[in-house]
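> The sequence and its predicted three-dimensional model are supplied below.
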Amino acid sequence: MSRLIVISNRVSPPKTEDGSGAQGGLAVALAAALREYRGLWFGWSGRKTDKFTGHIDMQRAHGVTTATIDLEEQDVEEYYNGYANRTLWPLFHYRIDLAEYDRSFGSGYERVNERFAETVTPLIEPDDLIWVHDYHLIPLGQQLRERGLKNRMGFFLHIPWPPSRLMVSLPYHEKLVRTMLAYDVIGFQTEEWLESFCHYVERELGGTVDPDGVIHVGDRSVHAAAYPIGVDFKEFTEALESDAARESFERLRTSAAGRRTIIGVDRLDYSKGLEERFLGYRRFLEKHPRYQRKLFLLQIAPPSRGEVATYEVIREHLDELSGRINGEFADVDWVPVRYVNQGYRREELAGFYRAAEIALITPLRDGMNLVAKEYVAAQDPEDPGVLILSRFAGAALQLKDALLVNPYSKDEIADAIMRAIRMPKEERIRRWKAMVEVVRQEDVVAWRHAFVEALEKARPPVRREPTPEPEAC
Ligand SMILES: O=P(O)(O)OC[C@H]1O[C@H](O[C@H]2O[C@H](CO)[C@@H](O)[C@H](O)[C@H]2O)[C@H](O)[C@@H](O)[C@@H]1O
Ligand SMILES: O=c1ccn([C@@H]2O[C@H](COP(=O)(O)OP(=O)(O)O)[C@@H](O)[C@H]2O)c(=O)[nH]1
């Protein structure tokens, strides 16, 4: 069996015996894939160093090998804070007003992709399957090919792919997209982002797309498809049984004191639509004063990408807006918004989700949104809560039985909250059953199987030519 090499910007260390260690659903899924395929996970350690040395920190725990490198301050500034999060992230989330185009970001991005390629190449064996993740590493496949790798290589984009009319606002967009043709398989979260990509290929690169999803540009043929990511349903429902989940459930229910909880859980990111959500909730309070003391919004929003100015701005706006809403509506024994800027462990989140009668998840644009799926997975089958979900989250294409809203409309948000409050139990159960089936079936295990299978089938493995011995002079 071939080994699997996963390459992503961040690498999550495998869970330690005491349960610590970053454990997103993605980390759990990739760790399981790496155990199955005896592979390794390569990426940035998250640490900065004075001078890039290319030193690889190899760790092995619980059957997973991780290999990480440190990056220089300038690398992090230009590649991660710069091109990835000030150029590509806003553009790919349809926010060209926030996208910054700075030559130094572009060259930092290329440099770090080269550094990744240079460092990981010696770790790769000829039959390995290579799976590159996300917008930080779009050109990595080409960089690896330039170093002689003939392995089967796939790329998965976790965020949206923008419409061509927006994509062309990126300087050198064509050069960037052409690098993607080095992969054998390209995966997107939804059919919508896949369509936008195919449209770009036809319109800007003069390529063609077969009905089976094979893209042809010049002499390159690449398989492109939608592989919606899911949650680790089994792991998540087990997390619900933990002491931490029980405690957080009790903690929230006790502090709610009979009031209903509306929960939101999002990184503090402008793409998550938090300002618009707060304003929609405010509209609800205004329109329905008799409900004012009967519910509250618990918004968990751990800070994210704090070195990027737009993220500081959104944080200031939300501090101000939550304060304003609380000032306007709060009473001595009730505050309408509990706005929390810290992150919680998955087990704790599981308990909070279970305790909340309504989830309000309204990103303006989101590749998938795993929180929506986690909320569904965490519900009590006898008395499930209601999911209010933005129609612009990738998850909305699968969770059609959520109350789907336009996140830009305060009135739609307010009306959906009212509908959720009034929803009869039978309807809640019916909607939840339909959603939980999707969350269970199309879980993260199914996602990685589908992607890796496509990669295995992409073409037969090609052995790398041995490097010729240097001629004696
Ligand atoms: O690593 P950070 O800069 O702190 O950001 C965290 C992750 O954010 C993005 O997540 C995306 O992937 C999710 C899983 O597929 C998806 O549900 C969500 O809609 C996306 O926004 C980013 O794409 C990741 O690379 C980051 O690690
Ligand atoms: O305090 C928190 C907030 C979020 N998350 C996790 O972070 C992930 C967020 O993924 P999502 O796809 O919703 O959005 P992203 O942040 O990747 O854009 C989910 O698995 C959450 O459970 C967490 O572990 N603790």
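The structure has been received and is ready for your questions. Ligands and ions are numbered 1, 2, ... in the order given.
> ok, V445 - how many residues close by?
Counted with other C-beta atoms under 10 Å, residues neighbouring V445 total 18. (Each C-beta comes from the backbone N, C-alpha and C, glycine too.)
> Distance of it relative to ligand 2?
Per C-beta to the nearest ligand atom, to the nearest Å, V445 is found 15 Å from ligand 2.
> pretty sure that residue is touching V28, no?
No - between V445 and V28 there is no contact under C-beta atoms under 8 Å: 9.7 Å.
> Now do the shared contacts for these two.
The contact sets of V445 and V28 overlap at D232 (C-beta atoms under 8 Å, 6 or more residues apart in numbering).
> For stretch 393-402, C-alpha coordinates in CSV please.
Only the C-alpha atoms of stretch 393-402 are listed here, as CSV (Å, rounded to 0.1, in the frame of the first residue of the first chain):
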residue,chain,number,x,y,z
ALA,A,393,-22.2,28.3,3.9
GLY,A,394,-21.0,25.3,2.0
ALA,A,395,-22.9,23.2,4.6
ALA,A,396,-26.2,24.7,3.5
LEU,A,397,-26.1,22.5,0.3
GLN,A,398,-26.2,19.4,2.5
LEU,A,399,-28.3,20.7,5.5
LYS,A,400,-31.3,21.6,3.5
ASP,A,401,-33.6,21.1,6.5
ALA,A,402,-32.0,23.9,8.5
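> In it, which residues are buried?
Residues of stretch 393-402 classed as buried: A393, G394, A395, A396, Q398, L399, D401, A402 (neighbour count, 16 or more other C-beta atoms under 10 Å).
> How far does that stretch sit from its chain's centre?
In terms of C-alpha atoms, centre = their mean, to the nearest Å, the centre of stretch 393-402 is found 15 Å from the chain centre.
> and that stretch, anywhere near ligand 2?
No - using C-beta under 6 Å from any ligand atom, stretch 393-402 stays clear of ligand 2, coming no nearer than 8.3 Å.
> What mean pLDDT does that stretch get?
Mean pLDDT, stretch 393-402: 98.
> Break this protein into its domains for me.
Here the domain parsing of the chain from automatic domain parsing is 4-230+446-456, 236-441.
> Could you tell me the least trusted of the ones you listed?
domain 4-230+446-456 (a mean of 93).
> Next, the distance between the ends of it.
Terminal residues of domain 4-230+446-456 lie 10 Å apart, using C-alpha to C-alpha, to the nearest Å.
> And for stretch 178-198?
One end of stretch 178-198 to the other measures 13 Å (C-alpha to C-alpha).
> Now do the buried residues in that stretch.
Here stretch 178-198 shows 178-190, 192-194, 196-198 as buried, counting by 16+ other C-beta under 10 Å.
> Settle this for me: P160 is touching E195, isn't it.
No - assessed by C-beta under 8 Å, P160 is found out of contact with E195, at 11.3 Å.
> Out of the buried residues of stretch 393-402, name the ones that lie in strands.
Among these, no member falls in strands (DSSP state E).
> Which of these fall within helices?
Using DSSP state H, the subset of those located in helices is empty.
> Which pair of these spans the longest distance?
Across those, the longest distance by C-beta to C-beta is 16.0 Å; it joins G394 and D401.
> Which helix in the chain has the most residues?
The chain, longest helix under DSSP H: helix 309-329.
> Which residues are in contact with the residue of the stretch 1-150 of the chain at minimum distance from ligand 1?
Nearest residue of the stretch 1-150 of the chain to ligand 1: D134, at 4.2 Å (C-beta to the nearest ligand atom). D134 sits next to S8, N9, F156, L157, H158, I159 when contact means C-beta under 8 Å, 6+ apart.
> filter the residues you listed by proximity to ligand 1?
Answer for the contacts of D134 near ligand 1 (C-beta under 6 Å from any ligand atom): H158, I159.
> Grab the nearest non-local neighbour of L364.
Excluding the flanking residues, the one nearest L364 by C-beta to C-beta, 6 or more residues apart in numbering is G273, at 4.4 Å.
> what do you get for I130?
That would be M153: by C-beta to C-beta, 6+ apart, it lies 4.4 Å from I130.
> helix/strand/coil for the one you found?
strand (DSSP: H, G, I helix; E, B strand; the rest coil).
> I figured it was touching L144, is that so?
Yes - contact criterion C-beta under 8 Å: M153 and L144 qualify, at 6.8 Å.
> residues bridging contact with the two, i.e. touching both?
I130, A182.
> wait, what's in contact with the closest residue to R428 other than its chain neighbours?
Distances taken as C-beta to C-beta, 6+ apart put P384 closest to R428, at 5.3 Å, once the chain neighbours are dropped. Taking C-beta under 8 Å, 6+ apart, we find P384 in contact with R428, I429, R431, W432.
> ok so, going back, quick check: strands, which of the contacts of D134 are part of them?
Using DSSP E, these in strands are S8, N9, F156.
> What residues does the stretch 51-200 of the chain have near ligand 1?
Counting by C-beta under 6 Å from any ligand atom, the stretch 51-200 of the chain comes close to ligand 1 at D134, H158, I159.
> Go ahead and confirm the second one touches G367.
Pointing back at H158 there. Yes - between H158 and G367 a contact is recorded at 4.9 Å, counting by C-beta under 8 Å.
> Look at these two and report which has more neighbours.
Higher neighbour count among H158 and G367: G367, with 25 against 18, using other C-beta under 10 Å.
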